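S.K.: pasting the sequence and the predicted coordinates here, then a few questions.
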Amino acid sequence: MKVEKLVEIIDSDFYTGVPDSQLKALCNYLMDRYGIDPKHHVIAANEGNCTALAAGYHLATGKVPVVYMQNSGEGNIINPVASLLNDKVYAIPMVFIVGWRGEPGIHDEPQHIYQGEVTVKLLEDMGIESFIIGKETTDDEVVEAMDKFKKVLDAGKDVAFVIRKGALTDAPSVKYENKNTMVREEIIQHIVKVSGEDPIVSTTGKASRELFETRVANNQSHKYDFLTVGSMGHSSSIALGVAINKPNQKIWCIDGDGAVLMHMGAMAVVGANKPSNLVHVVINNGAHETVGGMPTVASSIDVVSIAKACGYTSAVSVDSFEALDKELERAKAANELCLIEVKCSIGAREDLGRPTTTALENKENFMDYIKSL
């Protein structure tokens, strides 16, 4: 169905969410219509954050908000849905729009397979009535579903539209760009050159795909790298766990701005533990690029000051390869917790591939290598 028609049927004037490639049509529509507007459209740090923000909107206006997300974000909404929105607590009505990655029978990446299997069941377990929209779903069917949903919402309960692949169409074209000049894949190539045979934990999305292809191009083993698939925002915590238990080995974490924002509390834990062998590289393009390029708030915050406030011994920001190489070499030699923010452009190769090893193979090869250090 046309995305504009779905928005018309839902009839809400406030949307908040975390972008998803399955919902790119909706995200582009909202960006084209509202941009980032605190009164109408806010891209939040994580899905729980969206849910709480939407709850505040309802408390202030009495209106029903809409929260959009990839189904991987269902885990982040469980606590506010169960302990804040639920009709046994505050009875706050909300419409969720959930992109169904990993739908059974539809090929997808490994991190989406199990999540896809339990997507609808998780909603049911949270007491959220759902309606699935596919390519063949008619406008009248969605109107009928929304009419039923209105009675549920009036009772202080929550509902969800689950969106199958390709179900939403006719999105406006939106171009996402910034003024940075450094390309992420080249940034990763520079990190690999300096890190040598040190283990690397990389964040989910295109960064891990580019790291994998960099190893292929260099004719290097993939054993050095733990490619985090899914679990957005948790790579720095994984790297912390490795660094603490391999104190004599330099450990690198390649992170993204959207991931850092999603679970920023992880930086406080990293800083409090101060592993002197960890280098945390945050590639900041101010965008959720892997799912389409919609903006994050990372372009308007001071990542370096946040890191220092969290206890990182050293934190710097670079916007040139000359400065990057200098800071990578310094961090390699340093015996202290380091953060390097790298200002990055938006964009990736059209022919960027995906890892050819399975997630399990990646884990086993990485663990075998870690044991040898």
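M.R.: Cool, got the structure. Residues are numbered from 1 along each chain as shown.

S.K.: and stretch 65-79, how far out from the chain middle?
M.R.: Relative to its chain's centre, stretch 65-79 lies at 12 Å (Cα atoms, centre = their mean, to the nearest Å).

S.K.: that one: which residues count as buried?
M.R.: Neighbour counts using 16 or more other Cβ atoms under 10 Å place 65-74, 76-77 of stretch 65-79 among the buried residues. C-beta: built from backbone N, CA, C; applies to glycine.

S.K.: between which two of the residues you listed is the distance greatest?
M.R.: Pro65 and Ser72 (20.7 Å; Cβ to Cβ).

S.K.: what's the burial count for the nearest residue to Asn362 once chain neighbours are set aside?
M.R.: Once flanking residues are discounted, Asn362 sits nearest to Leu227: 5.4 Å by Cβ to Cβ, 6 or more residues apart in numbering. Neighbour count for Leu227, taken as other Cβ atoms under 10 Å: 23.

S.K.: and for Gly353?
M.R.: What Gly353 shows, counting by other Cβ under 10 Å, is a neighbour count of 11.

S.K.: so who does the residue lying closest to it once chain neighbours are set aside touch?
M.R.: In this structure, Gly353 finds its nearest non-sequential neighbour in Glu213, 5.9 Å apart by Cβ to Cβ, 6+ apart. Contacts for Glu213 (Cβ atoms under 8 Å, 6 or more residues apart in numbering) come out as 185, 352-353.

S.K.: now do Gly258
M.R.: Counting by Cβ under 8 Å, 6+ apart, Gly258 has contacts 232, 287-288, 296, 298.

S.K.: one step back: surely the residue nearest to Gly353 is in a helix?
M.R.: Yes: counting by DSSP: H, G, I helix; E, B strand; the rest coil, Glu213 is found in a helix.

S.K.: ok, now how distant is it from Val159?
M.R.: Counting by Cβ to Cβ, to the nearest Å, the separation of Glu213 from Val159 is 42 Å.

S.K.: just the pLDDT for the residue nearest to Gly353.
M.R.: For Glu213, the pLDDT comes out at 97.

S.K.: quick check: it vs Asp225, distance?
M.R.: Glu213 is 11 Å from Asp225, by Cβ to Cβ.

S.K.: what ranges does the protein have for its strands?
M.R.: With DSSP state E, the ranges of strands along the chain come out as 15-17, 41-43, 66-70, 94-99, 129-133, 158-163, 200-202, 225-227, 251-256, 278-284, 287-288, 294-295, 314-318, 338-343.

S.K.: who's in contact with the fifth one?
M.R.: Yep, that's strand 129-133 we're talking about. By Cβ under 8 Å, 6+ apart, the residues outside strand 129-133 that reach it are 1, 6, 98, 100, 120, 123-124, 142, 145, 149, 152, 157-164, 167-168.

S.K.: repeat for the third one
M.R.: Strand 66-70 is contacted by residues 10, 12, 14-18, 20-23, 26-27, 47, 50-51, 54, 76-77, 94-99, 101, 291 when judged by Cβ under 8 Å, 6+ apart.

S.K.: alpha carbons of that strand, as CSV, please.
M.R.: This file holds the C-alpha atoms of strand 66-70, laid out as CSV (Å, rounded to 0.1, in the frame of the first residue of the first chain):
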residue,chain,number,x,y,z
VAL,A,66,3.1,6.3,16.8
VAL,A,67,6.4,4.5,17.4
TYR,A,68,8.2,2.8,14.5
MET,A,69,11.0,0.3,14.7
GLN,A,70,12.7,-2.8,13.2
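
S.K.: list the neighbouring strands of it plus their orientation.
M.R.: Partners of strand 66-70 in the sheet, by DSSP bridges, are strand 15-17 (parallel), strand 94-99 (parallel).

S.K.: for these, give me CSV that also has mean neighbour count.
M.R.: Output for these, formatted as CSV (neighbours: other Cβ atoms under 10 Å):
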stretch, mean neighbour count
strand 15-17, 27
strand 94-99, 26
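
S.K.: got TSV for the ones you listed, with mean pLDDT and distance to Asp37 too?
M.R.: Output for the strands paired with strand 66-70, formatted as TSV (pLDDT from 0 to 100; distance: least, Cβ to Cβ, whole Å):
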stretch	mean pLDDT	distance to Asp37
strand 15-17	98	10
strand 94-99	98	18
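
S.K.: can you tell which of these is closest to Ala331?
M.R.: strand 15-17 (35.0 Å).

S.K.: how far off centre is that closest one?
M.R.: 14 Å.

S.K.: no more questions from me, cheers.
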